[in-house]
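Colleague: Quick one, what's the 3D model for this:
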Amino acid sequence: MEWFEALILGLLQGLTEFLPVSSSGHLAIGRDLLGIEASGDLVFEVTVHAATVLSTIVVFRKEILKLLRGLFRFRMNDETDYILKILFSMIPVFVVGMFFKDQVEALFTSMVVVGVALIVTALLLFFSDIASRRAQEENDARNGIHFWQAFAVGIGQALAVIPGLSRSGTTISTGLLCGVKREVMAQFSFLMVLIPIL
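Modeller: This is a model prediction of the structure:
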């Protein structure tokens, strides 16, 4: 990979990471257009993911510090509950990562898969937006999200390993469809990705 190709792909990653448009799908398209193999450069992969983690930590630094302070009180509180729900949501992506890694990597070579997944992302965002406007029920769960909702969102995150299926779009949409409020789901979606990316 040439330096200018890495720069283009890095910009593409940075511009799409925090939007529900699938940075991995756009990177796959960018690689294909530039003629770079999907197996690519491991250093580049690690670098863009490290940048994602770093930017997420910077944006949510206050929330992360609050969670860590609560966790190290070593008793059940709102922060410990929230962290447990994040850990619970990671079970599905852990299973996919452990047992289906090769199958997932094979998907990155197919532009058809990426294209279909991008369309699925758009439809998911559209229908979850409609559903969340209609369902304005009060969520009585601690921290605004139940354990079953966290697990459902985790399933969404596990499915979003498919290139073109936006991770943030899928997790936020899944949460909205399960009755989690927008503001709760947006923060949960970005915090739940830190450990899997690391």
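Colleague: who's in contact with the residue nearest the centre of the chain?
Modeller: Centroid check for the chain by Cα atoms, centre = their mean gives Arg167 as the closest residue, at 3.4 Å. With contact set as Cβ atoms under 8 Å, 6 or more residues apart in numbering, Arg167 has these partners: 22, 24, 157, 160, 189, 193. Heads up, the C-betas are built off the backbone N, CA and C, glycines and all.
Colleague: Mind picking the two most distant members of these?
Modeller: Using Cβ to Cβ, those span at most 15.4 Å, a distance reached by Ser24 and Ser189.
Colleague: circling back to that earlier point, in terms of model confidence, name the weakest of the contacts of Arg167.
Modeller: Lowest in pLDDT among the contacts of Arg167 is Ser24, which has 84.
Colleague: give me every residue that touches it.
Modeller: Going by Cβ under 8 Å, 6+ apart, Ser24 touches 108, 163-164, 167.
Colleague: Using the three-state scheme, assign it.
Modeller: For Ser24, the assignment made with DSSP: H, G, I helix; E, B strand; the rest coil gives helix.
Colleague: The nearest residue to Ile86 once chain neighbours are set aside - how many residues pack around it?
Modeller: The shortest distance from Ile86 to any non-neighbouring residue, by Cβ to Cβ, 6 or more residues apart in numbering, is to Met192 (4.9 Å). When neighbours are counted by other Cβ atoms under 10 Å, Met192 registers 22.
Colleague: Look up how far Leu198 lies from Met192.
Modeller: 12 Å (Cβ to Cβ, to the nearest Å).
Colleague: now Thr170
Modeller: 20 Å.
Colleague: So for the two, which sits in the more crowded spot?
Modeller: Shown here are Thr170 and Leu198; by other Cβ under 10 Å, Thr170 has more neighbours (28 against 8).
Colleague: quick one: which helix or strand includes that one?
Modeller: Applying DSSP states H and E as the criterion places Thr170 in helix 167-177.
Colleague: Using PDB, write out every CA atom in the helix or strand that that helix is followed by.
Modeller: Once the chain leaves helix 167-177, the next helix or strand it forms, by DSSP H and E, is helix 182-191. Taking Å, rounded to 0.1, in the frame of the first residue of the first chain, the C-alpha atoms of helix 182-191 are listed here in PDB:
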ATOM      1  CA  ARG A 182     -32.300   7.600  21.200                       C
ATOM      2  CA  GLU A 183     -29.900   9.500  23.500                       C
ATOM      3  CA  VAL A 184     -29.400   6.400  25.700                       C
ATOM      4  CA  MET A 185     -28.700   4.200  22.600                       C
ATOM      5  CA  ALA A 186     -26.300   6.600  21.000                       C
ATOM      6  CA  GLN A 187     -24.000   6.700  24.000                       C
ATOM      7  CA  PHE A 188     -24.300   2.900  24.600                       C
ATOM      8  CA  SER A 189     -23.500   2.100  21.000                       C
ATOM      9  CA  PHE A 190     -20.200   4.000  21.000                       C
ATOM     10  CA  LEU A 191     -19.100   2.800  24.400                       C
END
